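Participant: what's the 3D shape of this:
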Amino acid sequence: MSELVFQDIPDVELLQYLGRGYLKQNLLRAIRLWVWLRSLYGDHQDRIVLDDSFSYADWRNTFFSSTHPKGEEIPAIHDSHCPCAKTVAEWLFSEKTGIVATHWRKLILAHTGMGESELDTLLQRRLFGVTRRSLQGDLEILAKLGWLVYKYQKYYRVCEFPPYPITINKAGAYELSFMHEDLVGFAENHSQKINGIQRFFLKLDYVIPRSTLDTVEDWQHELRQLWAKTQVPPIKLTYGSARLANNVDCIVYPVCIYYVQRAVYLCAYGESPQKDTNWYNFRLDRIRSLVALEWTDPKLPSNLQQQYQQKSLPNPDDIALEMSKAWGFDFYLPSQLMLLRFDRQFCDRYVKGTERHDTFEEISYQQVQRLIQREIKQPQQQVLLKVLAKRSQTDAYYQARIRYQDHEHRDNNLVMRLRAWQPKVEVLTPWDLRQSFAADAATQFMLYQN
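Facilitator: From the prediction side, this is the model:
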């Protein structure tokens with residue numbers, strides 16, 4: 001059985017829970033309980049070597065240095081390397097935790113009503129500079145909250161964590177990797193009400209049907225439990241594919257979750273519904289079932305087995321890197337050159353100076369000409385050069401790398417963005433996309449004839 005791993009940061013909700021509803025009075029103990037949980041269930045850097053059943057003395061002898069006093073009094077500073085010498089601030093604000101001190105302080109001050117000097121004093125106290133009785137009390141609280149089981153005068157680690165407020169991320173409540181830096185600043189500065197009134201709102205389009213919201217929440221919870229394991233297992237999904245109009249089974253390695261294109265997606269490596277790519281973005285509300293497998297399962301696809309055996313299973317950074325190379329969420333599709341022509345006035349008003357993608361940039365008329373000659377094969381090259389010759393050199397021209405394979409395999413979010421710019425934009429390349437837009441325009445024209 002894989003080990004449970006506790007890696008949550010001590011945000012307000014978690015500390016409120018550990019403080020049993022009285023955060024201002026119990027803040028110090030709540031932070032200490034958070035450290036307890038990291039010592040009992042943390043990753044290999046935090047977890048101390050301790051049997052699953054232990055006494056207070058067992059924990060004390062493992063957690064503290066060998067010179068730590070065993071009496072009832074508050075221990076004096078006897079060893080600068082003993083955990084009892086570390087201040088609250090040293091436990092909280094480190095490269096390991098990734099907690100931003102200024103942000104954490106703001107939230108605690110706003111929630112507890114403490115004064116800054118009062119919080120400063122608390123942060124400089126020694127977190128484990130307390131009596132044996134206090135530490136024994138910590139163990140009793142963890143048992144009451146369901147994090148330990150006490151029987152036969154021993155404490156036992158649990159096989160399943162009790163329900164508790166799950167932290168959004170490890171580095172700070174608003175430091176989401178997919179949130180734009182400016183939005184992070186807004187969220188940090190305006191997350192709290194001003195004079196009792198909320199002044200900042202973030203509205204996201206979310207197309208998931210209400211009837212499936214509970215299912216989406218269940219899948220997110222199950223995935224979080226799987227990612228908390230020391231060794232994340234492969235999973236078998238039954239997926240309702242819109243393209244195939246059928247349910248299909250896929251065995252994959254779950255990598256991360258993205259909110260994009262008005263829905264929540266699981267990015268996974270292994271099998272796609274059409275069995276034509278190693279990667280796929282599965283929309284959570286279309287997942288019909290999810291079952292964890294063993295890495296020894298003979299049904300695992302060969303590409304997944306190979307990555308596992310080579311200890312090179314993908315991670316979210318791989319996805320972020322691929323998305324930075326080309327515009328589009330379907331990062332596993334081929335990258336192609338896109339050339340666009342904009343009406344100059346429209347571009348200056350609505351496109352120029354905006355952020356679209358790292359590869360989206362304005363180029364000259366002559367650069368477009370050279371790119372067509374270098375990148376586009378005949379006979380399309382000759383056709384596009386003739387088209388370009390009829391266009392004004394004073395128009396605005398842009399290039400980008402996009403994720404595009406063909407009409408059936410393209411990033412719909414990007415296509416919708418291009419359609420929103422019509423008729424002020426002309427797609428020059430990719431050729432297939434240009435032809436597709438021409439056919440759509442012809443169909444639309446016929447609809448509006450009468």
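
Participant: what stretches of the stretch 251-400 of the chain score poorly on pLDDT?
Facilitator: Along the stretch 251-400 of the chain, segments meeting pLDDT under 70 span 261.

Participant: tell me the buried residues in stretch 49-60?
Facilitator: Using 16 or more other Cβ atoms under 10 Å as the test for burial, stretch 49-60 gives L50, F54, W59, R60. All C-beta atoms are positioned from the backbone trio N, CA, C, and that covers glycine.

Participant: equivalent analysis for stretch 257-268, please.
Facilitator: Here stretch 257-268 shows I257, Y258, Q261, A263, V264, Y265, L266, C267, A268 as buried, counting by 16+ other Cβ under 10 Å.

Participant: the protein: strands as residue ranges?
Facilitator: 53-54, 148-151, 154-157, 235-241, 246-260, 263-270, 279-283, 287-292, 335-342, 361-363, 396-403, 425-429 (DSSP state E).

Participant: distance to W219 added to the ones you listed, as TSV?
Facilitator: Shown next, in TSV, are those (distance: least, Cβ to Cβ, whole Å):
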stretch	distance to W219
strand 53-54	34
strand 148-151	29
strand 154-157	27
strand 235-241	10
strand 246-260	9
strand 263-270	8
strand 279-283	9
strand 287-292	6
strand 335-342	30
strand 361-363	38
strand 396-403	25
strand 425-429	36
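
Participant: of all the ones you listed, which one is nearest N195?
Facilitator: strand 246-260 (31.3 Å; Cβ to Cβ).

Participant: and the angle from that closest one to strand 263-270?
Facilitator: 110 degrees (axes from the mean of the first three to the mean of the last three Cα atoms, to 10 degrees).

Participant: need the contact list for D330.
Facilitator: Contacts here follow Cβ atoms under 8 Å, 6 or more residues apart in numbering; on that basis D330 touches N281, R403, H409, R410, D411.

Participant: gap between the last one and L418?
Facilitator: It refers to D411. 10 Å (Cβ to Cβ, to the nearest Å).

Participant: wait, which of the strands of the chain is closest to T67?
Facilitator: Nearest of those (Cβ to Cβ): strand 53-54, 20.7 Å.

Participant: who touches that closest one?
Facilitator: Contacts of strand 53-54 (Cβ under 8 Å, 6+ apart): K154, Y155, Y156, R157.

Participant: swap the cut-off to 10 Å and go again
Facilitator: 40, 48, 60-62, 139, 148-149, 151-157 (Cβ atoms under 10 Å, 6 or more residues apart in numbering).

Participant: what about it, average pLDDT?
Facilitator: If you average the pLDDT over strand 53-54, you get 90.

Participant: and it, which strands flank it?
Facilitator: Note on strand 53-54: by DSSP bridges, its sheet partners are strand 154-157 (antiparallel).

Participant: and the strand it pairs with, how far out from the chain's middle?
Facilitator: 33 Å (Cα atoms, centre = their mean, to the nearest Å).

Participant: buried stuff in the top helix by length along the chain?
Facilitator: Ranked by number of residues, the top helix in the chain under DSSP state H is helix 23-41. Within helix 23-41, the residues that qualify as buried are 23, 26-41, counting by 16+ other Cβ under 10 Å.

Participant: just stretch 126-146 next, same as before
Facilitator: 126-130, 132, 135, 138-139, 141-143, 145.

Participant: now swap in stretch 322-340 and tell me
Facilitator: With burial defined by 16+ other Cβ under 10 Å, the residues of stretch 322-340 counted as buried are 322-323, 326-333, 335-340.

Participant: how about stretch 242-257?
Facilitator: V248, C250, I251, V252, Y253, P254, V255, C256, I257.

Participant: look up phi and psi at V49.
Facilitator: Per-residue torsions, V49: phi -80, psi 110 (degrees, to the nearest 10).

Participant: just to revisit the earlier point, which among the buried residues of stretch 49-60 gets closest to L107?
Facilitator: L107 lies nearest to W59 out of these, by Cβ to Cβ, at 30.2 Å.

Participant: looking at the closest residue to the closest one other than its chain neighbours now. What's its pLDDT?
Facilitator: Residue nearest to W59 in three dimensions, not counting chain neighbours: L50, with 6.4 Å by Cβ to Cβ, 6 or more residues apart in numbering. Note for L50: predicted pLDDT of 88.

Participant: and Y206, by the same measure?
Facilitator: Value for Y206, per-residue pLDDT: 67.

Participant: now do V158
Facilitator: 91.

Participant: quick one: contacts for it?
Facilitator: L4, L40, Y41, D52, L142, A143, G146, W147, L148, V149.

Participant: would you check that L266 makes contact with W279?
Facilitator: No - L266 is not in contact with W279 according to Cβ atoms under 10 Å; the separation is 11.1 Å.

Participant: okay, now N315: neighbour count?
Facilitator: Around N315 there are 11 other residues, counting by other Cβ atoms under 10 Å.

Participant: which residues does it contact?
Facilitator: V255, C256, Y269.

Participant: now do 7 Å
Facilitator: N315 makes contact with V255, according to Cβ atoms under 7 Å, 6 or more residues apart in numbering.

Participant: how near is it to V351?
Facilitator: 34 Å.

Participant: distance of I74 from G129?
Facilitator: Applying Cβ to Cβ to I74 and G129 gives a distance of 6 Å.

Participant: do the same with Y365
Facilitator: 72 Å.

Participant: can you check L237 too?
Facilitator: From L237 across to G129, the span is 50 Å (Cβ to Cβ).
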